[in-house]
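Trainee: need a 3D model of the sequence below.
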Amino acid sequence: MFVCPECGLAQAAPGACPTDGAALAPRGDDLLVGQTVGVYRIARLLGVGGMGRVYKGVHPTIGSRVAVKVLSRECADRPDLVERFFSEARAVNLIRHEGLVNVLDLATLPDGRPFIIMEYLDGSPLTELIARLGPAPLGGLARLFAEVLDALGAAHAKGIVHRDLKPDNIFITPGGRPKILDFGIAKLRPELGGGSTQTGSLLGTPHYMAPEQALSRPIDQRTDLYAIGVILYECATGQRPFHSDSLFDLLRKHVDEPPPPPRALRPDIPPDYEHVILQSLAKAPEHRFQTAHALAQALLGSSQSLGPDQWLPISPATAAQFAAQRTPVSGGGWRATPPGPTPRSTPGPTPPPPTVPTPPPSTVSSGQVDQRPSAGSRIGKVLGALVLVGAGAGIAIAVTQARGGSPPETPTPATPPSPTALPAPPPSNPVVVTVAPTPDAEPAEAPDEPDEDDAAEDEKEAKALEAEVRRAQKQIKRQLELAKVPELDKLAEELAGVDPEAQKAVDKGKQWIATQQSLTRDVHIPPGFDARAADVGKLLGLAEAEVKKVYPDALLFRIDADGVGADGKANLTLADGMYLDYRFVSPAHSKRPADVPLGVDWEEKCILRMWVEPHSIEVRPLTGWECDEVPVRKPRCSAAQVWKKAIERGAPKDAVAELGYRADFSKKPVWYFSVKGTGFSEIFQDDC
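Mentor: Have a look, this model is predicted:
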């Protein structure tokens, strides 16, 4: 079968399309190409991602073009991924802004795969323009991102957080207008159809991830503004603020390492402009701009002193001109040469900088961003040693900043730093992060049609990322042991009588370390334990006994088991990351402390879990989890009995399943049973 890549007309033999004369291309093994989806013919494949594929669709009568995004068969078997897929259409429909790619329809193919029909975009993703531009014209960048922030502000006004903003998801049309793509993992308010993401999962793209996102903490619109700050930094300097060969180390830098000052990389950036970027990258959300509008106003306000050469528009048509007008200067910076003639695709002369009112006090000009202690100060070293975060173990430390009462923060001095200033050295303690990798968004347009080798390579890279995440988790699993109390004592001794506030920070850090170490303990692996045939029921008894050593009133509320065969035994060696998880809630630790008034956040320490992996068993806290979990009695059905019920309903016998035991909406204990990749998923009453 041969298909016209322009109109989607299918023919049995090669040749030219009788409609538009284009050369027909072989369809290959992608059976959707040449078929009709909705009212559109699928002309060709545009891109492949971890969750599915994007095709060019053409209306056979009027010739209008669309992008058709189809979820993969494997993802279509998972209700959570289907919901995430459709949340994109729901989010865009709720926002209704011209700066967002428009979603026209959504439905399901005959084979059960969901699809979304979106407007077809000509142009280039910002990723491609960054690669061609190097450091971009600052005024043009400010104007472009004012439009991006206008669209983003419209989303935030509807209670929608994108949480995966990156250059790939900002598409630039030939006229230089930005379009935000891929709200597939957007967080919606519950009343808008959004669900909650459990603590311990992490969605987004690591290079653009806010600290609270990297730590699996609650996010809001300021999380998106941090990502905008990273993109601005990258566009202005030609490089991202943080780099690492290790995913773990990259996320650690987002959490506790200041970015290099942009002016050190590009001296012609105005101090106010740099200040806007750095405030966007503040570690604590309350120190960033609080709204997209405030960031846009501050960005445009900081651009008013720029010369005409900095106001060239950013678009695919002018990318080559930008590259030609950039001249490297000593020190690694850049300067613009006088602009050449305006390209034909850009009508009229280059517009002057916009007149923007002075930014309000909430913006960069207010100078309200706390300064971080200098890298050479003893206080800075103390606080660096105390910034010790453990999201993977469900823990976090918050220390009082010496002399200020705020957490250590991104450097945002009132006086711009010297271009040669160096960032503070990173703290020695690692950060524990549990990551659920999210595939990159599919491009709305691709210059070349990818083949099956490209798809296989994408899948290989995705699996490699997952393996890297698991290695990082294992590497830092015992992170608490790296908390060196004697080193803190030594620092405290040096500071005795010099800085009482720093002494308090040391004491608070030691107290936190002691508390967390008291809640985390290794469990002696029982005799006869076999990771290839772990008995889910027997290990529950061990879990209850070990957890009650820490919280005597602990009550079971959940069991999760991977790799469970029809014999009821879990083979935890089948793949990386397989586990058994027994969770308990302590009523006594679910209550707000008497000394913490309402209206003040407090970190619940009500959940303990016993985590079983092939070579280790550990009891650990799970903080950030709601304490209103419904306790359940010990299960009456064994895993083997649940499997027997599943087989009676048609489950494949030669498979392994994921089992979950917890209360349903009626607060009755039930078993959740599913087999990956088969579509088999059932809920069984615990009535054996």
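Trainee: neighbours around P614, how many?
Mentor: 16 (other CB atoms under 10 Å). (Glycine included, C-beta is placed from N, CA and C.)
Trainee: so A640 is in which element?
Mentor: The secondary structure element spanning A640 is helix 639-648 (assigned by DSSP states H and E).
Trainee: which helices and strands does the helix or strand just after that helix pack with?
Mentor: Heading C-terminal from helix 639-648, the first helix or strand you meet, by DSSP H and E, is strand 657-663. With contacts defined as 3 or more CB pairs under 8 Å, 6 or more residues apart in numbering; DSSP states H and E, strand 657-663 has these neighbours: strand 555-564, helix 639-648, strand 669-675.
Trainee: returning to what we had before: which strands or helices does the helix holding A640 pack on?
Mentor: Here helix 639-648 touches strand 555-564, strand 657-663, strand 669-675, strand 680-685, going by 3+ CB pairs under 8 Å, 6+ apart.
Trainee: quick one: closest of these to I62.
Mentor: strand 680-685 (41.3 Å; CB to CB).
Trainee: what angle separates the closest one from helix 639-648?
Mentor: Using axes from the mean of the first three to the mean of the last three CA atoms, to 10 degrees, the interaxial angle of strand 680-685 with respect to helix 639-648 works out to 120 degrees.
Trainee: could you give me the buried positions within strand 680-685?
Mentor: The neighbour-count criterion (16 or more other CB atoms under 10 Å) identifies F680, S681, E682, F684 as the buried residues of strand 680-685.
Trainee: name the helices or strands packed onto it?
Mentor: In this structure, strand 680-685 packs against helix 639-648, strand 669-675, with contacts taken as 3+ CB pairs under 8 Å, 6+ apart.
Trainee: out of these, name the one with the poorest average pLDDT.
Mentor: In terms of average pLDDT, strand 669-675 trails the rest of the helices and strands packed on strand 680-685, at a mean of 91.
Trainee: what strands line up against it, and which way round?
Mentor: Under the criterion DSSP bridges, strand 669-675 sits next to strand 657-663 (antiparallel), strand 680-685 (antiparallel) in its sheet.
Trainee: ok, and what's touching that strand?
Mentor: 632-633, 635, 637, 642-643, 645-646, 651-652, 655-664, 680-686 (CB atoms under 8 Å, 6 or more residues apart in numbering).
Trainee: which PyMOL command selects the buried ones in those residues?
Mentor: Listed next is the PyMOL selection for buried residues among the contacts of strand 669-675, using 16+ other CB under 10 Å:
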select buried, resi 632+635+637+642+643+645+646+651+655+656+657+658+659+661+662+680+681+682+684+686
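Trainee: thinking again about what came up before, mind putting the helices and strands packed on helix 639-648 into CSV with distance to P110?
Mentor: As requested, the helices and strands packed on helix 639-648 are arranged in CSV below (distance: least, CB to CB, whole Å):
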stretch, distance to P110
strand 555-564, 32
strand 657-663, 28
strand 669-675, 23
strand 680-685, 20
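Trainee: who wins for proximity to S87 among those?
Mentor: Closest to S87 of the helices and strands packed on helix 639-648, according to CB to CB: strand 680-685, at 19.8 Å.
Trainee: give me the contact list for that closest one.
Mentor: For strand 680-685, using CB under 8 Å, 6+ apart, the contacting residues are 79, 637, 642, 645-646, 649-652, 664, 668, 670-675.
Trainee: can we see that at 10 Å?
Mentor: Applying CB atoms under 10 Å, 6 or more residues apart in numbering, the external contacts of strand 680-685 come out as 77-79, 636-637, 641-646, 649-652, 655, 657-661, 664, 668-675.
Trainee: sorry, back to before: of the helices and strands packed on helix 639-648, give the one that comes closest to H589.
Mentor: Comparing those by their distance to H589 (CB to CB), the top pick is strand 555-564, with 11.4 Å.
Trainee: any idea of the mean pLDDT for the closest one?
Mentor: Computed over strand 555-564, the average pLDDT equals 94.
Trainee: what helices or strands is the helix or strand following that strand leaning on?
Mentor: For strand 555-564, the succeeding helix or strand toward the C-terminus, using DSSP H and E, is strand 569-570. Judged by 3 or more CB pairs under 10 Å, 6 or more residues apart in numbering; DSSP states H and E, strand 569-570 is in contact with strand 534-535, helix 536-548, strand 555-564, helix 639-648, strand 657-663.
Trainee: mind listing what's buried in the longest one?
Mentor: Same thing as helix 536-548. Using 16+ other CB under 10 Å as the test for burial, helix 536-548 gives V536, L539, L540, L542, A543, E544, E546, V547.
Trainee: wait, the fourth one sits on K549?
Mentor: No: with contact defined as CB atoms under 10 Å, L542 and K549 do not form a contacting pair (11.2 Å).
Trainee: shared neighbours, the two?
Mentor: Taking CB under 10 Å, 6+ apart as the contact definition, L542 and K549 share the neighbouring residues V523.
Trainee: just to revisit the earlier point, reformat the helices and strands packed on strand 657-663 as JSON lines; add distance to I160.
Mentor: Shown next, in JSON lines, are the helices and strands packed on strand 657-663 (distance: least, CB to CB, whole Å):
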{"stretch": "strand 555-564", "distance to I160": "29"}
{"stretch": "helix 639-648", "distance to I160": "38"}
{"stretch": "strand 669-675", "distance to I160": "29"}
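Trainee: do you know which of those lies nearest P267?
Mentor: strand 555-564 (53.4 Å).
Trainee: state the pLDDT value of P430.
Mentor: On the pLDDT scale, P430 is placed at 33.
Trainee: and what of S315?
Mentor: Reading off the per-residue confidence, S315 sits at a pLDDT of 86.
Trainee: for it, which non-adjacent residue is closest in space?
Mentor: Spatial nearest neighbour of S315, excluding adjacent residues (CB to CB, 6 or more residues apart in numbering): G176 at 3.5 Å.
Trainee: same check, this time on F557
Mentor: The shortest distance from F557 to any residue that is not its chain neighbour, by CB to CB, 6+ apart, is 4.2 Å, and that residue is E629.
Trainee: over to W611?
Mentor: Taking CB to CB, 6+ apart as the measure, W611 lies nearest to E618, with 5.2 Å between them; neighbours along the chain are not counted.
Trainee: list the buried residues for stretch 62-76?
Mentor: Judged by neighbour count (16+ other CB under 10 Å), stretch 62-76 contains these buried residues: R65, V66, A67, V68, K69, V70, L71, S72, C75, A76.
Trainee: count the neighbours of the residue nearest to Y661 when sequence neighbours are not counted for me.
Mentor: With CB to CB, 6+ apart as the criterion, Y661 has its nearest non-adjacent residue at 4.1 Å, and that residue is I559. Taking other CB under 10 Å as the neighbour definition, I559 ends up with a count of 25.
Trainee: give the full set of residues in contact with I559.
Mentor: With CB under 10 Å, 6+ apart as the criterion, the residues that contact I559 are 536-537, 539-540, 543, 580-583, 610, 632, 634-635, 639, 659-662, 669, 671.
Trainee: let's go with 8 Å and repeat that
Mentor: Shown here is I559, whose contacts under the criterion CB under 8 Å, 6+ apart are V536, L540, L580, D581, Y582, R583, P635, L659, G660, Y661, R662.
Trainee: for I130, same thing?
Mentor: Taking CB under 8 Å, 6+ apart as the criterion, I130 is in contact with A136, P167, E234, C235, G238.
Trainee: what's the most distant pair in those?
Mentor: Farthest pair in the contacts of I130 (CB to CB) is P167 and G238. Separation: 12.4 Å.
Trainee: higher neighbour count, those two?
Mentor: Looking at P167 and G238 with other CB under 10 Å, you find the greater number of neighbours at P167, namely 22 against 19.
Trainee: so that one sits right up against L126, yeah?
Mentor: Yes: distance between P167 and L126: 3.9 Å, which falls inside the contact criterion (CB atoms under 8 Å).
Trainee: need the residues touching each of those two.
Mentor: By the contact definition CB under 8 Å, 6+ apart, P167 and L126 are jointly contacted by I231, C235.
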